[in-house]
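model the structure of this input:
(chains A and B)
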Amino acid sequence: MSPQVAGLLQLTALIAALALAYRPLGDYMARVYSSEKNYRPEKWIYKAIGANPTAEMRWPAYLRGVLAFSAVSVLFLYLMQRVQGSLPGSLGFSSIDPDQAFNTAASFVANTNWQSYYGEQAMGHVVQTGGLAVQNFLSAAVGMAVAVALVRGFARSRTGELGNFWADLVRGTVRILIPISVIGAIILVACGAIQNFSGIHQVGQFMGGTQEWNGGGVASQEVIKELGTNGGGYFNANSAHPFENPNPLSNLFEIFLILLIPFALTRTFGRMVGSLKQGYAILGAMAVIWIGFTALMMWTEFAHRGPAFEIAGGAMEGKETRFGIAGSSIFAVATTLTSTGAVNSFHSSYTGFGGGITMLGMQLGEIAPGGVGSGLYGMLIMAIIAVFIAGLMVGRTPEYLGKKIGTRQIKLAACYILVTPALVLGFTAVAMALPTPADSMTNSGAHGFSEILYAYTSGANNNGSAFAGLNADTQWFNTTIGIAMLLGRFLPMVFVLALAGSLAEQKPVPETAGTLRTDKPLYAGLLVGTILIITGLTYFPALALGPLAEGLAS
Amino acid sequence: MTNNSVSSTARVLGAGLRALLVLTLVCGVLYPLAVTGVAQALFNDKANGSEIKDSGGRVVGSSLIGQRYDLPLKDGEESPAPDLKWFQPRPSNGLGSNSVNTQYSLILSGATNRSGDNKELVQWVTDAKAAVVKDNSTPTYKVKPADVPADAVTSSGSGLDPDISPAYAELQVHRVAEKNNLDVKEVEDLVADHTTGRLLGFMGEPRVNVLELNTALRNLTQG
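Numbering: from 1, shown residues only, chains lettered A, B, ... in the order given. Got it, this is the predicted structure:
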């Protein structure tokens, strides 16, 4: 069997597995967020928080909860790293410097998991398992909560109430993320991922002598790293490291985990707004983009254009033998079309066009299918833009799901889609204009520019993957990427929740013969077109200077 | 009014802190300990790094982690020469050693991150290809540059790739047989025994685990 055919079969198996999980998981999540029942352990948690889970919140109160919880989380994670040197269970590793600790804390709370540190030499068990991995759960649960609040905005009318943030946070964590993680972690260990809390120990070597290795709660962190679309590796090599991703089965399983919740949330959305077809239209748009990108990526990586790859006879630089070109390409697209940023192969050594595809994936705003929660709310914003454009074409006031898209709604949606491009292009321009940031580049020319464009694209879109040739552990990059990650995560949430509040207050508009049917394939096509055109217009000039220039030259 | 909003901000921050602490207990203590308990009970060997032993019972490494099979570094050499008695792994130009917490000597996993048009990478690949052709040609077996597979001349993502392609293993058979005074057929069989196909016929790529292969080779030559 040729590697290409095997790759297509792997993609088919992945699609089949996602399709099987779609209905039960999507319906289950809808029940979780609509349930009136609180289990006993959850009641203990609410008691500890001092929150009443049944108290409805209007959007400003919901937002205050999101921001307060996240602010406390950044501070806590920052302090934890700053005192690591004195914490027991830290393998004797020293404390992290202030700029790097800020960058890392912002990164994990913002669901980005950009890493300017090397996991295996810098972070001990307590910070990895008790700090970073905890935010892998909680930042994901926050994203899902905000998405559900927006869905409630569509589903409810004549009220401003969007649910209770603490209840959504706790339920997402204990009813969705933890149960899947427990099962997933055991599967990963069965494949060979390590799960122990050994100190740094000597392992005998074939040629004699020993090597020093650290143990760790790797499987338990790996599973939520993918499931929560986080991406922060225990080891520097991330999911290319054999202890994180030991074999082809674990590889496919990790890709499955990355895509599982973001796709299934479209079912949850359909269920909660009372029309499964509306969810399918969103799902269709996401799936078309995802499959299209995956096909393009496999094509360019198998074609391996580029001087070094042509001499080598294949684009295997930065890729593992057990995954091959296909298993690496499928992973690379899944990780950059979601907010994951985990890597099982190194994007900097992809072909010029391959690197461009990973960048464009993030620049779409990570909505196909996107991060857990953030993918759904990002896509719903694009859905609003699409009905607005359709409304302009026919001269009708646009509506979506029975809600009028008026001035306030379109302003909020427009603000949402302006945030990340402004951060990406602004910071990239400043970094290129200043004399010193370019010193961090490993490669020169178009690829060097791509390293910096990639870094801010990844940070502001909360992806976290890297063209890792860039030495990002400088005060400039730690600070500016940290700021880009926080603004890129929380400013859009402000607009999403404000939008949700304004939608929930409206009374529903009755459907007429003139209403645009947003549950049809035609609309899904319009949505895909809108996404590609908006992103294309925004980023084309920057992409032309980087990956396109490199790809066309080779 | 100001007092009111200050106290309400303090209240919500307090709730946030309490939520963080209790959820840290759940996600950062109870969850990992439970998973570790089950993993250690059910998959003890794998949870601790899949170590493998030679026939004498000595640990020779992990079947998941690639190693180098080099001669001791000689004076004046920048990097050690490969010990051609053993099957050679992929290059690992992206591997590093720890730059902080230097009381340890840890290996830093990683890739070269060089782009396809990077001059250094072009040089590395060109040199590696020439070396593979030269090292593996014996008086009776000539390696052609076109026979060298891509994995033989490129560094992996982790730098710790435990595997090589079957093509690269086969290319090394004649050299290994010659250096160990074994029949080519014997070494070919050994490679065949240690070749893993695609899982279920389509998952991943066919591969040969170098440490397992070399361990079996040592058993053969010493046994």
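
centre of the chain to stretch A:44-64, how far?
For stretch A:44-64, the separation from the chain centroid amounts to 26 Å (computed by CA atoms, centre = their mean, to the nearest Å).

what sits up against that stretch?
A:36, A:38, A:42, A:65, A:149, A:159-167, A:170, A:174, A:493-494, A:497-498, A:500-501, A:504, B:9, B:12, B:14-15, B:18-19, B:21-23, B:26 (CB atoms under 8 Å, 6 or more residues apart in numbering or on different chains). For every residue, glycine as well, the C-beta is placed using N, CA and C.

drop anything exposed from those residues.
The neighbour-count test (16 or more other CB atoms under 10 Å in any protein chain shown) marks A:42, A:65, A:149, A:160-167, A:170, A:174, A:493-494, A:497-498, A:500-501, A:504, B:12, B:15, B:18-19, B:22-23, B:26 as buried among the contacts of stretch A:44-64.

okay, and which of those residues map to helices?
Here DSSP state H is the test, and the buried ones among the contacts of stretch A:44-64 give A:42, A:65, A:149, A:165-167, A:170, A:493-494, A:497-498, A:500-501, A:504, B:12, B:15, B:18-19, B:22-23 as lying in helices.

domain assignment for chain B?
B:1-48, B:52-222 (automatic domain parsing).

report the mean confidence score over the first one.
Averaged across domain B:1-48, the pLDDT comes to 93.

so what's the residue count around residue A:35?
12 (other CB atoms under 10 Å in any protein chain shown).

next up, the contacts around it.
By CB under 8 Å, 6+ apart, residue A:35 lies in contact with residue A:171.

let me see the ranges of the strands in the stretch 401-550 of chain A.
In the stretch 401-550 of chain A, strands defined by DSSP state E, counting those that start in this stretch lie at A:403-404, listed in chain order.

my read: residue A:379 touches residue A:284, true?
No: Residue A:379 is beyond contact range of residue A:284, at 11.2 Å (criterion: CB atoms under 8 Å).

tell me which of the two has more neighbours.
With neighbours defined as other CB under 10 Å, residue A:379 and residue A:284 compare such that residue A:379 has more, 29 against 18.

state the mean pLDDT of the helix or strand hosting that one.
Using DSSP states H and E, residue A:379 falls within helix A:374-394. Helix A:374-394 comes out with an average pLDDT of 95.

helices and strands around that helix, which ones?
helix A:133-155, helix A:248-273, helix A:276-303, strand A:399-400, helix A:407-433, helix A:475-505, helix A:521-543 (3 or more CB pairs under 8 Å, 6 or more residues apart in numbering or on different chains; DSSP states H and E).

dump those to JSON lines, plus mean pLDDT and distance to chain B.
Shown next, in JSON lines, are the helices and strands packed on helix A:374-394 (pLDDT from 0 to 100; distance: least, CB to the nearest CB, whole Å):
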{"stretch": "helix A:133-155", "mean pLDDT": "98", "distance to chain B": "4"}
{"stretch": "helix A:248-273", "mean pLDDT": "98", "distance to chain B": "2"}
{"stretch": "helix A:276-303", "mean pLDDT": "98", "distance to chain B": "11"}
{"stretch": "strand A:399-400", "mean pLDDT": "95", "distance to chain B": "31"}
{"stretch": "helix A:407-433", "mean pLDDT": "97", "distance to chain B": "18"}
{"stretch": "helix A:475-505", "mean pLDDT": "97", "distance to chain B": "14"}
{"stretch": "helix A:521-543", "mean pLDDT": "95", "distance to chain B": "15"}
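
just name the most buried of the ones you listed.
Of all the helices and strands packed on helix A:374-394, helix A:133-155 has the most neighbours on average by mean count of other CB atoms under 10 Å in any protein chain shown, namely a mean of 28.

quick one: list the elements packing against it.
helix A:59-82, helix A:98-109, helix A:165-171, helix A:218-227, helix A:248-273, helix A:374-394, helix A:475-505, helix B:2-25.

what's the nearest residue to residue B:108 if we skip its chain neighbours?
Using CB to CB, 6 or more residues apart in numbering or on different chains and skipping the chain neighbours, the partner closest in space to residue B:108 is residue B:96 (3.9 Å).

what's the answer for residue A:401, then?
Leaving aside its sequence neighbours, residue A:401 sits nearest to residue A:154 (CB to CB, 6+ apart; 4.6 Å).

can you name the residue of the stretch 301-450 of chain A nearest chain B?
residue A:306 (2.4 Å; CB to the nearest CB).

quick one: residues contacting that residue.
Here residue A:306 is in contact with A:315, A:351-352, A:554, B:115-117 (criterion: CB under 8 Å, 6+ apart).

out of those residues, which is most surrounded?
Ranked by the number of neighbours (other CB under 10 Å), those place residue B:115 first, at 33 neighbours.

pretty sure that one contacts residue B:121?
Yes: with contact defined as CB under 8 Å, residue B:115 reaches residue B:121; the gap is 7.2 Å.

give me the common contacts of the two.
With CB under 8 Å, 6+ apart, residue B:115 and residue B:121 have common neighbours A:308, A:349.

the helices in chain B, which residues?
Per DSSP H, chain B carries helices over the ranges B:2-25, B:31-42, B:44-47, B:119-136, B:166-179, B:184-193, B:210-222.

using JSON lines, lay out those together with distance to chain A.
JSON lines is the format used below for the helices of chain B (distance: least, CB to the nearest CB, whole Å):
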{"stretch": "helix B:2-25", "distance to chain A": "4"}
{"stretch": "helix B:31-42", "distance to chain A": "4"}
{"stretch": "helix B:44-47", "distance to chain A": "4"}
{"stretch": "helix B:119-136", "distance to chain A": "4"}
{"stretch": "helix B:166-179", "distance to chain A": "9"}
{"stretch": "helix B:184-193", "distance to chain A": "15"}
{"stretch": "helix B:210-222", "distance to chain A": "6"}
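
can you tell me which of those helices is most buried?
Of all those, as judged by average neighbours under mean count of other CB under 10 Å, the leader is helix B:166-179 with a mean of 21.

that helix - contacts with which helices or strands?
So helix B:166-179, by 3+ CB pairs under 8 Å, 6+ apart, packs with helix B:119-136, helix B:184-193, strand B:207-209.
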